[in-house]
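Asker: structure, please.
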Amino acid sequence: MAANGQAKEETFKKVKTILVSQPRPERSPYYELEKRYNLQIDWRPFSHVEGLEAKDFRKQRIRPDEFTAIILSSKNSVDHFFRLCEEMRVKMSPETKYFCLTETIANYLQKFILYRKRKVFVGTRSIEDLGAYLKKHKGEKFLLPCSNLGAKEITKFLDDMNLDWKDAIMYHTVSSDLSDLSDVTYDVLVFFSPLCIQSLYDNFPDFKQNDTRIAVYGNLTRQAVEDRGLNVNINAPAPEVPSMTKALENYLQKSNKDG
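Answerer: Numbers count the residues shown, from 1 in each chain. Now for the predicted structure:
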């Protein structure tokens, strides 16, 4: 993806190609950038989810039906919770309570259960939004389906509330195979998580930055890039730059100002 050397000073060389380390969305403000600046923007998820097999999950010695409340932090957690229950022939009680971090997750949950307001509790963005509901139902026994990466913010919050809870690894987030990109060079690589950086080096252990600009979202992603000795050229979120597309646009206004 790049040859030897490393970019050290910002030169704002013209950008023609961008690789975004996510799946291609149906609609996105990136498409407007693509037209406005005559770019080629490609999309490629650098990581993917693999479900744990029932025989491997059993090694954790956890039975979902021994819990009275389930905390769901993503669509993946919903998918793999109910998949494993089916594979293990576990039937959850109709009285089981479900605590969903967002309305999107709660809506997705309707694919798997008969949705009742009295047993589904919904936040707006983070585990803190569910604090009042969790406090009200403090006597429940909570299960947190998660990936091998864990959920540090959620687990800390649950500990701080002194809840009776346990996490259960039900799926793994792993690096995707990007070997077909080995002869492709992009002007900008866009990363959204430390795992994307790990995937980059899993696939291209000899990666050198050269003239490639690196765009990152979030402090943890930025740290992962800098830990590898790479330079961050485009950073979001930042004051007055709430999104990655806004950060890219600000950069493109300088790098592509002559056309």
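Asker: can we go C-alpha only for contacts and neighbour counts from here?
Answerer: Noted.
Asker: and stretch 13-23, how far out from the chain's middle?
Answerer: 19 Å (C-alpha atoms, centre = their mean, to the nearest Å).
Asker: buried residues in it?
Answerer: By 16 or more other C-alpha atoms under 10 Å, the buried positions in stretch 13-23 come out as Lys14, Val15, Lys16, Thr17, Ile18, Leu19, Val20, Ser21, Gln22.
Asker: how close does the first one sit to Tyr251?
Answerer: Spelled out, that is Lys14. Look at Lys14 and Tyr251: by C-alpha to C-alpha, to the nearest Å, they are 10 Å apart.
Asker: any idea whether the closest residue to Gln22 other than its chain neighbours is helix, strand or coil?
Answerer: Closest residue to Gln22 apart from its sequence neighbours, by C-alpha to C-alpha, 6 or more residues apart in numbering: Pro45 at 4.1 Å. Following DSSP: H, G, I helix; E, B strand; the rest coil, Pro45 is assigned to coil.
Asker: and for Leu144?
Answerer: strand.
Asker: for it, give its distance to Ile169.
Answerer: Between Leu144 and Ile169 the computed distance is 8 Å (C-alpha to C-alpha).
Asker: all strands of the stretch 51-200 of the chain, in order?
Answerer: Ranges of strands in the stretch 51-200 of the chain, per DSSP state E, counting those that start in this stretch, are 69-72, 97-100, 120-122, 141-147, 164-175, 188-191.
Asker: residues near Asn162, how many?
Answerer: Residues contacting Asn162 under the criterion other C-alpha atoms under 10 Å number 11.
Asker: distance of it from Leu33?
Answerer: Distance, Asn162 to Leu33, using C-alpha to C-alpha: 47 Å.
Asker: and for Gly218?
Answerer: Using C-alpha to C-alpha, Gly218 is found at 21 Å from Leu33.
Asker: now do Pro242
Answerer: According to C-alpha to C-alpha, Pro242 stands 16 Å off from Leu33.
Asker: again, but for Gly139
Answerer: 51 Å.
Asker: do Asp164 as well
Answerer: Counting by C-alpha to C-alpha, the gap from Asp164 to Leu33 is 48 Å.
Asker: neighbour count: those two, which is higher?
Answerer: Between Asp164 and Leu33, counted using other C-alpha under 10 Å, Leu33 has the larger neighbour count: 18 against 14.
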